[in-house]
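A.B. asks: quick one, fold the following:
(4 chains)
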2 protein chains.
Amino acid sequence: MDTSQVQLTIQEAAEVTDLSVHTLRYYERIGLLLPVGRAANGHRRYSQQDISLIKSLNKWRQTGMPLVDIQRYVRLLQAGESTTAERRAILEAHRETVVSQIEELQATLQLIDYKIQNYTDIEKQQEKVLV
Amino acid sequence: MDTSQVQLTIQEAAEVTDLSVHTLRYYERIGLLLPVGRAANGHRRYSQQDISLIKSLNKWRQTGMPLVDIQRYVRLLQAGESTTAERRAILEAHRETVVSQIEELQATLQLIDYKIQNYTDIEKQQEKVLV
DNA sequence: CCTTGACTTAGAGTCGACTCAAAGATGTAG
DNA sequence: CTACATCTTTGAGTCGACTCTAAGTCAAGG
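C.D. replies: A predicted model of the protein is given here:
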């Protein structure tokens, strides 16, 4: 079976992308997604390309990239060849924010572990600052 | 100089905690912060203890812990000794979410690097999927 | 033919987390 | 003694990101 031509309904797209059908339509409405193809009856049909774009955008969302920034990237994609440098710059900037998010989380992890250790100590009848 | 007795105004507290005065009052209003001390004129005065609690809570916020969960922790703190086990459980649960956030971010980082590499390849006149 | 179910749109509603505004009290400097 | 800076409260407004609703289209099954 050739999967390259498989077109998904909005329901199916929602399932595979872990977004709601509401959100898929919302994203398209605000120009965050390129308009997807339509069946003869006007229903949306999602290609594998659409799906993989959505999955990527979704990952970026989950790392805290605001919708407007994603929008900007998608517009550049739409604009074509001439925008590769700019798109690359967006990715590199986002890379840096992800790196510092990881660093901050690791620092927080240490703080949490320290506090958990305090509770462990207390359970051994020792005095510590709990705050 | 003995810093143990230094009381900060809300302005000063905002500066050292990196929150706005609005947010400090808002947090107290919704019961996320224990009520702080007051000067004779009714103005808030933040102790070093208050400050360090606020800094902790703020770190948790930044790791995506919703205000209601933080609220729950603060209520337990207020309730005292008997709640240490429960507080510890909250910390341990949050520890796990932070760990998986780090893992997800690292996976995303790989994705970003892969895409950046694609752009690098393209700059060398090669064909790749850019989405 | 009629119902059912999956889709369509545009607009309204919700939610979390602030953020601001209005009206008033108090303390200090000129 | 008055101006002003800084605080107080309560309630309203904003913002980002959905999430839902209403009203309508269309195809297939009974």
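A.B. asks: same question for the longest helix along chain A: list its buried residues.
C.D. replies: When chain A is scanned for its longest helix (criterion: DSSP state H), the result is helix A:84-123. By neighbour count, and taking 16 or more other C-beta atoms under 10 Å in any protein chain shown as the criterion, the buried residues in helix A:84-123 are A:84, A:87-88, A:90-91, A:94-95, A:98, A:101-102, A:105, A:108-109, A:111-112, A:115-116, A:118-119. For the C-beta atoms, the positions are set from N, CA and C on the backbone; glycine is no exception.
A.B. asks: do stretch A:43-63 as well
C.D. replies: Burial within stretch A:43-63, assessed by neighbour count using 16+ other C-beta under 10 Å, is assigned to A:44-47, A:50-51, A:53-54, A:56-57, A:60-61, A:63.
A.B. asks: rewinding a little: next one: the longest helix of chain A to chain centre, how far?
C.D. replies: Here the centre of helix A:84-123 is set off from its chain's centre by 17 Å, with C-alpha atoms, centre = their mean, to the nearest Å.
A.B. asks: quick check: angle from that helix to helix B:84-123?
C.D. replies: In this structure, helix A:84-123 runs at an angle of 160 degrees to helix B:84-123, with axes from the mean of the first three to the mean of the last three C-alpha atoms, to 10 degrees as the basis.
A.B. asks: what about helix A:84-123 and chain B, touching?
C.D. replies: Yes. Helix A:84-123 is in contact with chain B by C-beta under 8 Å from any C-beta of the partner chain, via A:84, A:87-88, A:91-92, A:94-95, A:98-99, A:101-102, A:104-106, A:108-109, A:111-113, A:115-116, A:119, A:122-123.
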